[in-house]
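Asks: Next comes the sequence, and after it the predicted model I'd like to discuss.
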Amino acid sequence: MRSAFLLDLAQCIGCEACTIACRVGNELPQGVRYIQISERIRGEFPDLVGGFDNHRCYHCTDAACVNVCPSGALFQEDGLTRVNWDACTGCEYCVSSCPYDVPVMNDGVATKCDGCRDTVNAGGTPWCVETCPSDALQFGPREEIVAEAHRRVDRIRDKYPEAQVYGESQAGGLGVLVVSPEDPARMGLPAAPEVPTAAAVWQEAVKPASFFVTTLAAVGAGVLGVIARRNHLRELAHLHGDGGGEESGGEHGHGGGDGALPGGGDGPDPHGAAAAEGPGSADPVRTDDEVER
Amino acid sequence: MARADLQITRRQFLKAGAATGAGGAAAASGLGGTQAFAATSEDAWYRQGEIETTFNVCDMCPWHCGIIVHTVDGEVRKIDGNPNDPKARGQLCPRGQGGVSFMNDPDRLQAPMVRTGERGEGKFQEVSWEQALDLIAQELNKIKERSGPEALAVFGHNAGDWWWADHFAQAWGTPNAAKPSSALCVSPREEAAELTFGFPIGGYEPVDWANLETVVLIGTHIGEDARNTKMQDLAELHGRGGQIIVVDPRFSSAATKADHWLPIKPGTDTALLLAWMHVFIEEDIYNHRFIENWTTGFEQLAEHVADKTPEWAAEITDLSAEQIRESARAMADTAPQTVIVPGRHVSWYGNDTQRMRAVYMLNVVMGAYGCEGCLHFNEQPYLDDYSLPPYQVEGAAGGCAADPDDDDDGELLGELADGPTGKTRADGVQERFLRGPVALQELIEPMISGEPYRIEGLICYATNLLHSVPKTERTIEALKELELFVAIDVLPMEHIAYADIVLPEATYLERYDDLYALAHKTPYIALREPAVEPMYDTRPGWWIAKELGERVGLEQYFPWDDIEEYLNTRLRSVGSDLDDLRSRGGIIVQEGRPFFEDFEGESPFTTPSGKVELYCDRLAEHGQDPVPEFEPVEEPPEGFFRLLYGRHPVHTFAKTQNTPELADLYPENELWINVDAARDLGFADGDRVVLENQDGVTDGPIKLKATQRIRRDAVYMVHGFGHANPKLSQAYTKGASDNRLQSSYALDPICGAAGLRVNFVRLESEA
């Protein structure tokens, strides 16, 4: 089933309950936030408009981070972009290629929202959605979320004539459908996010020598990489699976992460989507011109 | 996908998690019931063992949401809103989510301490509870023998203050018990309601949001003031296309959702309210039926506002006459499903009871009371008190809403309760102001001057004295004069350094408290029970009160064996007990009488006339305006800005700035200043400045937030920062303290509240 989040920026009042619920529920290490709220207000006193930017992973279908990840640490499942922290080699390609500037490095490992994979698989709701007091977040089957986003836009159009749904088509369709009260570009959401392919990133952004080494490490030494990193990964205790890969069941074949390791047998081919030529820009598109704080 | 379904899903999920932890394998249905169980994350907290669930009432702010606390292996791991709770409805605000971090703050007070250094030095020696309590009892008895029990003041704030500012104080026999939640917060609102309707409207603004069509917020900054229910209500209204009108000198978070934002000049709200009433009456768009059936004094009101035209108010408020007319008509369009929310902290300018009366009167002019989508009537739930002998003095602090003078005889000035040696309240009530709960800030001076008599001892329960009471220098001087100063708290707040004896309390997650009997559209009773044993050598407030009471001869007021017996006894009056309450999800909801039809023809109003008194004879008799007048407030001196203050969604009062999880999100406050005003002074966004107020008091440095979101004549900061105790490792020296810069206040002549927005600051570069 393709899942998705609804993010209603017309409703968000910037309280940051989601940010904290996510941090506490997922036991994120100090300094790591999967959701960053900032104000996005423009105009001159007293003619002001705007609201709050809820910056988070948008779970692209054509996901730059997945495309460029040489180790399979980033992969797709249920329409969302997941993370297997154990497999990350710290190459930072995802950090530099994400059109939304989402993944961050923590203790040598890239991390970002994984859609509360474990809690949702166990029948729960993402922590941010559960607590939101402003009815700005929902989670469910993507088609239901898309429909809800359109319902909401229709309902608020009198007040917000430019209101629209963002994320239906961008980057192959996002796993976060945004109800934008105005032109999404003004909310920091590019109409056409640039999704580089692995080939482009590797050619343009990575020196051949380090590329060779990193790729070797990723493809050939997944297990060694896991062992070497296990200690600092304890900090990211919330989701890494370190059991035997053969135990991970599930029809998608990468439950918990080990299955997603290269060579694990049933993981996705992280490079499969990377063969085609892409736009090749690694520059983050998001601009913060209008952010005041 | 309804929210209720999501909540159920969550509970099932947590059960599944627990089962996995215990049994090693489990299956849980996915959201749509189709997903196979695929989780292998064995390190997640919810797989570390059996998940224990306890019910509690959040204490991260005074809104009192019901919460469910998830504990694994004796550690609190996650807190969720209680779906059964009429306020939380399954959701929780950022502060509530930070409760785990609050409890685990390593800076907490950990053991009873006795002062060894000078007052203020912060030097203490740890002692046993036995030693600390014996010492306090001995000193309390000395005060009683020497000067009578009235020479002890008791301050209390937040959940748990009942044991001290109400119960202990009344049993001991002092009328000098006070809560900052009255005179530093809501008492203008409550006294205005007493005068207008005959009863306080209660601590939780009674608005029937579910059926509301237009909300008017005057200074109420929902979203930054993150009261969970209010955020949900405002969001729900906004989501269904309801109208939002915001009156605020700042483009607040709520203003970003508004249809009309009125950036009013601070201190002129009453002029706007009078002009709005003028428009309603002039254009004959007021609610005739309500006025005829339920009010007295409409003629006088109409006459009073006849010349209060929008043009008159425009001059005063710095709004346009057109804006005032248009917003009034917008309110009339949906009236009576239009409510001006009474707000909470309303002690702004010293004339606040009159402004709050104007707020109520405008609601009444629209007929927005006692029907769906209007203000509704609030009722306390039925719940018996534990049977006790009569108190030594009745009605001490009286809480946010109560007026201890009020004996329902219709007289404005009731008979004041005396203490056992015949002394009544030392706060100057009936001399310097007319009535209302004890004014906390007025008990400071008697500690220094001895007038009308000297307050020699203070028990301070969770009241952040140096971050809430204006004139902090005077407060420090008073604390140094005391013969006995006992501080009970969770964290080493600044005033702790002046205490003789410090008692560390267990947090709300580690203790029982009295039952929460909350007035609401559906009145209800909520349980606070401990999720874990108290950390360190801390104890619950109820235990400390009982132990101390028994040591000072008040054992007849503490007859219960333990807290469970106390709670079970009270619960029996509603046919319940602790086990039953737990089985009901921690909440007992009762029927309320929110609307007129629930009163079966009787008037719900309890003024002398039995009606809403638009013209108040009782105020006239005591030399106060019977209908609110606009009184200009002092203008900022040349080069100064009016100092406004408010909330940030992740913080409460001066209480949470040290909570690691919350401090991480908003570590220091900023000074909002209009970007043009900053530029004129040569400052830019992000600069650090020192603030000097009109009395030469300085504070800071504080970072500038140069923004279009505020008027040029005022600056704004989030309250509660600038902590000066180095023992608060996160909050120490972060940002500036609005409270230290409040070296002046304006006393409300009706209710004794301290108006705090009468201070001005100028900016200087950081040295």
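Replies: Yep, that arrived.

Asks: switch to C-alpha atoms for all contacts and neighbour counts from now on
Replies: Will do.

Asks: tell me the secondary structure for B:Met447?
Replies: Counting by DSSP: H, G, I helix; E, B strand; the rest coil, the backbone at B:Met447 sits in helix.

Asks: what about A:Arg155, how many neighbours?
Replies: 15 (other CA atoms under 10 Å in any protein chain shown).

Asks: Actually, B:Asp307.
Replies: B:Asp307 has 14 nearby residues by other CA under 10 Å.

Asks: same question, B:Leu388
Replies: Neighbours around B:Leu388, by other CA under 10 Å: 11.

Asks: does it really touch B:Tyr557, like I thought?
Replies: Yes - with contacts counted by CA atoms under 8 Å, B:Leu388 reaches B:Tyr557, the gap being 6.1 Å.

Asks: Nearest spatial neighbour of the residue of chain B at minimum distance from chain A, chain-adjacent residues omitted?
Replies: Closest to chain A within chain B is B:Pro94: 3.8 Å, counting by CA to the nearest CA. In this structure, B:Pro94 finds its nearest non-sequential neighbour in A:Ala17, 3.8 Å apart by CA to CA, 6 or more residues apart in numbering or on different chains.

Asks: Ok, B:Glu126 next?
Replies: B:Met113 (4.3 Å).

Asks: Quick check on the one you found: phi, psi?
Replies: phi -140, psi 150 (degrees, to the nearest 10).

Asks: what's the helix or strand for B:His278?
Replies: Assigned by DSSP states H and E, B:His278 belongs to helix B:269-282.

Asks: which SS class is B:Pro637?
Replies: B:Pro637 ends up coil, using three-state DSSP.

Asks: all strands for chain A, in order.
Replies: In chain A, the segments counted as strands under DSSP state E are A:3-8, A:36-44, A:47-55, A:74-77, A:80-83, A:104-106, A:109-111, A:137-141, A:164-166, A:176-180.

Asks: Is the second one in proximity to chain B?
Replies: Read that as strand A:36-44. Yes - Strand A:36-44 is in contact with chain B by CA under 8 Å from any CA of the partner chain, via A:Gly43, A:Glu44.

Asks: ok, back up a step: and the strands of chain A, which is most packed in?
Replies: strand A:176-180 (a mean of 28; mean count of other CA atoms under 10 Å in any protein chain shown).

Asks: Each with direction, which strands does that one pair with?
Replies: strand A:3-8 (parallel), strand A:164-166 (antiparallel) (DSSP bridges).

Asks: now the ones you listed in TSV, with mean pLDDT?
Replies: TSV is the format used below for these (pLDDT from 0 to 100):
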stretch	mean pLDDT
strand A:3-8	98
strand A:164-166	98
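
Asks: Output those strands as TSV; include the columns distance to B:Gly343.
Replies: Below are the strands paired with strand A:176-180 laid out as TSV (distance: least, CA to CA, whole Å):
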stretch	distance to B:Gly343
strand A:3-8	27
strand A:164-166	34
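
Asks: Of the strands of chain A, give the one that comes closest to B:Arg289.
Replies: strand A:47-55 (38.6 Å; CA to CA).

Asks: so the closest one versus strand A:176-180, what angle?
Replies: Counting by axes from the mean of the first three to the mean of the last three CA atoms, to 10 degrees, strand A:47-55 lies at 170 degrees to strand A:176-180.

Asks: any idea of the mean pLDDT in strand A:47-55?
Replies: Per-residue pLDDT over strand A:47-55 has a mean of 95.

Asks: wait, isn't B:Trp560 in contact with B:Tyr566?
Replies: Yes - with contacts counted by CA under 8 Å, B:Trp560 reaches B:Tyr566, the gap being 5.6 Å.

Asks: Just read off the phi/psi values of B:Val341.
Replies: Dihedral angles for B:Val341 - degrees, to the nearest 10 - are phi -70, psi 130.

Asks: Give me the pLDDT for it.
Replies: 97.

Asks: residues near it, how many?
Replies: 20.

Asks: That one and B:Leu362, how far apart?
Replies: Distance of B:Val341 to B:Leu362, given as CA to CA, to the nearest Å: 11 Å.

Asks: got it, and B:Thr229?
Replies: 24 Å.

Asks: pLDDT weak spots in the stretch 51-200 of chain A?
Replies: Applying pLDDT under 70 to the stretch 51-200 of chain A flags residues A:197-200.

Asks: The same query, at a cut-off of 80, please.
Replies: Filtered on pLDDT under 80, the stretch 51-200 of chain A yields the residue ranges A:195-200.

Asks: Quick one: name the residues of it near chain B.
Replies: Near chain B, when you scan the stretch 51-200 of chain A using CA under 8 Å from any CA, you find A:51, A:117-125, A:130-135, A:140-141, A:152, A:155-156, A:159.

Asks: In helices, which of the residues you listed appear?
Replies: Residues of those located in helices (DSSP state H): A:Arg117, A:Asp118, A:Thr119, A:Val120, A:Asn121, A:Glu130, A:Thr131, A:Arg152, A:Arg155, A:Ile156.

Asks: Just the buried ones among the residues you listed, please.
Replies: A:Arg117, A:Asp118, A:Thr119, A:Val120, A:Asn121, A:Glu130, A:Thr131, A:Arg152, A:Ile156 (16 or more other CA atoms under 10 Å in any protein chain shown).

Asks: Residue of chain A nearest chain B, please.
Replies: A:Ala17 (3.8 Å).

Asks: in terms of contact, does that residue touch B:Gln91 like I think?
Replies: No - using CA under 8 Å as the test, A:Ala17 is too far from B:Gln91 to be in contact (9.5 Å).

Asks: Mutual contacts of those two, please.
Replies: The overlap between the contact sets of A:Ala17 and B:Gln91 (CA atoms under 8 Å, 6 or more residues apart in numbering or on different chains) consists of A:Thr131, A:Cys132, A:Pro133.

Asks: mind putting those in JSON lines, distance to B:Trp261 included?
Replies: JSON lines is the format used below for these (distance: CA to CA, whole Å):
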{"residue": "A:Thr131", "distance to B:Trp261": "28"}
{"residue": "A:Cys132", "distance to B:Trp261": "25"}
{"residue": "A:Pro133", "distance to B:Trp261": "23"}
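
Asks: Closest one to B:Pro660 out of those, please.
Replies: A:Thr131 (19.7 Å).

Asks: Next, the contact list for that closest one, please.
Replies: A:Ala17, A:Cys18, A:Ala21, B:Asp80, B:Gly81, B:Gly90, B:Gln91, B:Leu92, B:Cys93.

Asks: Please repeat the previous calculation with a cut-off of 7 Å.
Replies: Shown in contact with A:Thr131 (CA atoms under 7 Å, 6 or more residues apart in numbering or on different chains): A:Ala17, A:Cys18, A:Ala21, B:Gln91, B:Leu92.

Asks: And for B:Leu741?
Replies: Taking CA under 7 Å, 6+ apart as the test, what B:Leu741 contacts is B:Asn693, B:Val697, B:Thr698, B:Asp699.

Asks: Which element, helix or strand, includes the last one?
Replies: Right, B:Asp699. Assigned by DSSP H and E, B:Asp699 belongs to strand B:698-707.

Asks: tilt between the very next helix or strand once past that strand and strand B:698-707?
Replies: Heading C-terminal from strand B:698-707, the first helix or strand you meet, by DSSP H and E, is strand B:714-718. Strand B:714-718 runs at 100 degrees relative to strand B:698-707, counting by the same axes, to 10 degrees.

Asks: mind checking how far strand B:714-718 is from the chain centre?
Replies: Computed by CA atoms, centre = their mean, to the nearest Å, the separation of strand B:714-718 from the middle of its chain amounts to 20 Å.

Asks: What of stretch B:564-578?
Replies: Distance, centroid of stretch B:564-578 to centroid of chain: 28 Å (CA atoms, centre = their mean).

Asks: Give me the three-state assignment for B:Ile245.
Replies: strand.

Asks: which residues does it contact?
Replies: B:Val215, B:Val216, B:Leu217, B:Ala258, B:Asp259, B:His260, B:Trp261.

Asks: now the helices for the stretch 551-700 of chain B?
Replies: Per DSSP state H, counting those that start in this stretch, the stretch 551-700 of chain B has helices spanning B:563-572, B:578-583, B:617-621, B:660-665, B:675-680. These are given in chain order.

Asks: That concludes my questions; thank you for your assistance.
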